[in-house]
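Q: Make a model of this:
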Amino acid sequence: MPFICPAHPKSAGHRHFNIIMNLKYLILVSLLLLICTNIFAQNVVWTKIYNRGADEFGNAITADQTNFIVVGTYTVTNNEWLCLKYSATGDTVWTRLFTTGSTYDDLATGVAVDASHNIIIIGYSLRQDSIYLVLRKLSSSGALTWTKILMRGYRTTGEGVTTDNSGNIYVVGSIYDGTDSDLLLIKFNSSGDTVWSRTFSSPEDDIGTSIVLDNSNNIIVTGSIGSVGANDVLIIKYSSAGVALWTQYYDSGQDDIGNSVKVDTLNNIIVAGACGAANNHNYLLIKYASNGTQSWLRFFTSSLNDDAYGCVTDNQNNIFVTGTSGSSTNYDYLTVKYNSSGDTVWSRRYNRDIDDDAMDIAIDVSYNIAVTGFSLNATDYDVVTIKYNSTTGIEQDDNYNMPSSGFIIKSPTLIRGGLSFDLNVTNPAWYNINLYDVTGAKIQSIYSGNLKVGNYKFNNLIANSGICFLMIKPLNSTENKVICKKLVSIK
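A: So this is what the prediction gives:
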């Protein structure tokens, strides 16, 4: 089989009814009238665009306390490693470029921070027909501590990196021996010396893409096994000594790739990637118990091509996934939050221009998340990094300032799946009506159309008992303001 070099990755009715008033179910509904200028959780804290006047790609990100470290590639004549450090407020602390030689193409693919705040970067260097794994260690100030270059077989790539509390470094990638590719796992000490290495070999191509340690220092790697267009997800768990404990595969019958792996506080294993036919992928998310038993499987589908490249978990075992969603050269960042049961909480898109590709996601000590990738401007690609705040739920502003004056809602109730309210509006217009839960996740789209004076009733809604939010937004509002009613749903 040909060598598969991990290329730069490219790789989200209105029914009228009559409410039968039954005193048994007529319960006082607590409501709060609010205007929300920033309704939803996970608001953007800052967006940073890095542009040196050439092509710049953000490939990976990690957090160091409240700072974020981004690595990628800077391209003029040849590719060089690019490393950026952002403060919690989004200020650029420093920028570094690294190369193994002026005639070589160097790609940085992964980054980690050790317990002493040193920065570990993994990648590889293309040199004519050969590929060398490259590993670098930087101080927290960006000073280069050491560089290690490794060759196994004909071509050796490094894709993912992590560290333990003793400063040891673990790298996953692949080697090509002239016949096919094998997954490569290496443990280095803090000085960059090789402690041990392991390979996983099958009759097909085995590619390692991501690595993580669990709370017991067991090692979990993910990647793919198969051939171009016909891969399966590969997951292997090793002991801290490098002994393989179990191997799992996921095969949808199409093309399945594991791009990122993380663990939660309970040592459950989360794998994010993509599955589906060529150019028609869906986000793939799989949760495994620590013994390798699959807990659940989720897809995030749209009419577009969706590839998940990065994932993280928080202290509540929520899962955040990011990647790309689009078609041809028109892609968006797509970031999705799931709860620990695999239910979608919210999804967010970023569209700067015609081509925006999110490659990785990180979470800081305050549980803020940051996404990095690259975006095409008029002439070249830039690194784009976005930080979202850690607030969950719906943020509220007590000021009532509806753009259309005279908009009044009276007597809203949500009882037994039936919503009813009276509306008095001076200027009838087109509005969207939606129902959300307290996390900011949309429960249901209720109505989109013209609203005028009258009584509005909708049935067969899916709201559970508890607090929810009725939001009515003018379709043509440039102020992004909505009427938000807090209701107590009675089943």
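Q: what's the spacing between whichever strand or helix holds residue 80 and its chain's center?
A: According to DSSP states H and E, residue 80 maps onto strand 79-86. On the basis of C-alpha atoms, centre = their mean, to the nearest Å, strand 79-86 sits 20 Å off its chain's mean C-alpha point.
Q: Then stretch 309-328?
A: With C-alpha atoms, centre = their mean, you get 2 Å for stretch 309-328.
Q: quick one on the thing from earlier: what packs against the strand holding residue 80?
A: Here strand 79-86 is seen to pack against strand 55-64, strand 67-75, strand 92-98, strand 105-113, strand 119-127, strand 381-388 when contacts are counted using 3 or more C-beta pairs under 8 Å, 6 or more residues apart in numbering; DSSP states H and E. Using the backbone N, CA and C atoms, a C-beta is placed for each residue, glycine as well.
Q: Please render those strands as TSV that adds mean pLDDT, distance to residue 173 and mean neighbour count to the earlier fields.
A: As requested, these are arranged in TSV below (pLDDT from 0 to 100; distance: least, C-beta to C-beta, whole Å; neighbours: other C-beta atoms under 10 Å):
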stretch	mean pLDDT	distance to residue 173	mean neighbour count
strand 55-64	97	13	24
strand 67-75	97	15	25
strand 92-98	97	18	14
strand 105-113	97	8	24
strand 119-127	96	7	24
strand 381-388	96	23	24
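Q: possible to save those as TSV with distance to residue 446?
A: Compiled in TSV, those are given as follows (distance: least, C-beta to C-beta, whole Å):
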stretch	distance to residue 446
strand 55-64	38
strand 67-75	38
strand 92-98	44
strand 105-113	44
strand 119-127	49
strand 381-388	27
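Q: Near residue 229, how many other residues are there?
A: 9 (other C-beta atoms under 10 Å).
Q: can you check residue 446 too?
A: Neighbours of residue 446 using other C-beta under 10 Å come to 19.
Q: Let me see the confidence value for it.
A: Note for residue 446: predicted pLDDT of 86.
Q: same question, residue 402
A: For residue 402, the pLDDT comes out at 46.
Q: just residue 490 next, same as before
A: Predicted confidence (pLDDT) for residue 490: 71.
Q: what bridges to it?
A: On DSSP bridges, the residues paired with residue 490 through beta bridges are residue 415.
Q: Was I right to think it contacts residue 419?
A: No - the pair residue 490 and residue 419 does not pass the contact test of C-beta atoms under 8 Å, sitting 11.5 Å apart.
Q: More neighbours: which of these two?
A: Neighbour totals were compared for residue 490 and residue 419, and residue 419 leads with 25 against 18 (other C-beta under 10 Å).
Q: And for that one, nearest residue in space, chain neighbours not counted?
A: residue 458 (4.7 Å; C-beta to C-beta, 6 or more residues apart in numbering).
Q: where does that neighbour fall, phi/psi-wise?
A: phi -140, psi 140 (degrees, to the nearest 10).
Q: just checking, it touches residue 445?
A: No - using C-beta under 8 Å as the test, residue 458 is too far from residue 445 to be in contact (10.8 Å).
Q: out of these two, which sits in the more crowded spot?
A: residue 458 (21 against 11).
Q: how many neighbours does residue 449 have?
A: For residue 449, the count of nearby residues is 10 (other C-beta under 10 Å).
Q: pLDDT value on it, please?
A: Note on residue 449: pLDDT of 84.
Q: pLDDT score for the residue nearest to residue 419?
A: pLDDT for residue 458: 84.
Q: For it, give its distance to residue 417.
A: Note on residue 458: its distance to residue 417, by C-beta to C-beta, to the nearest Å, is 9 Å.
Q: Convert the strand holding residue 80 to PDB, retaining C-alpha atoms only.
A: Taking Å, rounded to 0.1, in the frame of the first residue of the first chain, the C-alpha atoms of strand 79-86 are listed here in PDB:
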ATOM      1  CA  ASN A  79       6.700  25.900   5.600                       C
ATOM      2  CA  GLU A  80       8.000  26.900   9.100                       C
ATOM      3  CA  TRP A  81       6.600  26.100  12.500                       C
ATOM      4  CA  LEU A  82       4.500  28.900  14.000                       C
ATOM      5  CA  CYS A  83       3.900  29.300  17.700                       C
ATOM      6  CA  LEU A  84       1.700  32.000  19.300                       C
ATOM      7  CA  LYS A  85       1.000  32.600  23.000                       C
ATOM      8  CA  TYR A  86      -2.200  34.500  23.900                       C
END
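Q: tell me the angle of it relative to strand 381-388?
A: Angle, strand 79-86 to strand 381-388, by axes from the mean of the first three to the mean of the last three C-alpha atoms, to 10 degrees: 30 degrees.
Q: Can you tell me what sits against strand 79-86?
A: 48, 50, 56-57, 64, 67-74, 92-99, 105-108, 111, 119, 121, 123, 126, 136, 138, 142, 370, 383, 385, 387 (C-beta atoms under 8 Å, 6 or more residues apart in numbering).
Q: which regions of the stretch 251-400 of the chain sit below the pLDDT cut-off?
A: Within the stretch 251-400 of the chain, the segments meeting pLDDT under 70 span 390-400.
Q: Okay, strands next: where are they in it?
A: 255-263, 269-277, 280-288, 294-300, 305-313, 319-327, 330-338, 344-350, 356-363, 369-376, 381-388 (DSSP state E, counting those that start in this stretch).
Q: and the residue nearest the centre of the chain, what is it in contact with?
A: The residue lying closest to the centre of the chain (C-alpha atoms, centre = their mean) is residue 322, at 2.1 Å. Residue 322 is in contact with 308-311, 333-336, 358-361, 371, 373, counting by C-beta under 8 Å, 6+ apart.
Q: Then residue 163?
A: Residues near residue 163 by C-beta under 8 Å, 6+ apart: 112-115, 120, 169-170.
Q: Number of residues surrounding the nearest residue to residue 116 once chain neighbours are set aside?
A: Of all residues not flanking residue 116 in the chain, residue 167 sits nearest, at 6.6 Å (C-beta to C-beta, 6+ apart). Close neighbours of residue 167, defined as other C-beta under 10 Å, add up to 16.
Q: and if you look at residue 216?
A: Neighbours of residue 216 under the rule other C-beta under 10 Å: 10.
Q: Can you tell me the element it falls in?
A: Going by DSSP H and E, residue 216 is not in any helix or strand.
Q: which residues touch residue 104?
A: For residue 104, the contact set (C-beta under 8 Å, 6+ apart) comprises 78, 125-127.
Q: And residue 263, by the same measure?
A: Residue 263 sits next to 212-215, 220, 269-270, 313 when contact means C-beta under 8 Å, 6+ apart.
Q: Give me the distance between it and residue 48.
A: Residue 263 is 29 Å from residue 48, where distance means C-beta to C-beta.
Q: same question, residue 84
A: Distance, residue 84 to residue 48, by C-beta to C-beta: 8 Å.
Q: Who has more neighbours out of the two?
A: A direct count of neighbours by other C-beta under 10 Å for residue 84 and residue 48 places residue 84 higher, at 23 against 20.
Q: which non-adjacent residue is nearest residue 316?
A: Closest to residue 316 by C-beta to C-beta, 6+ apart is residue 340, at 7.2 Å.
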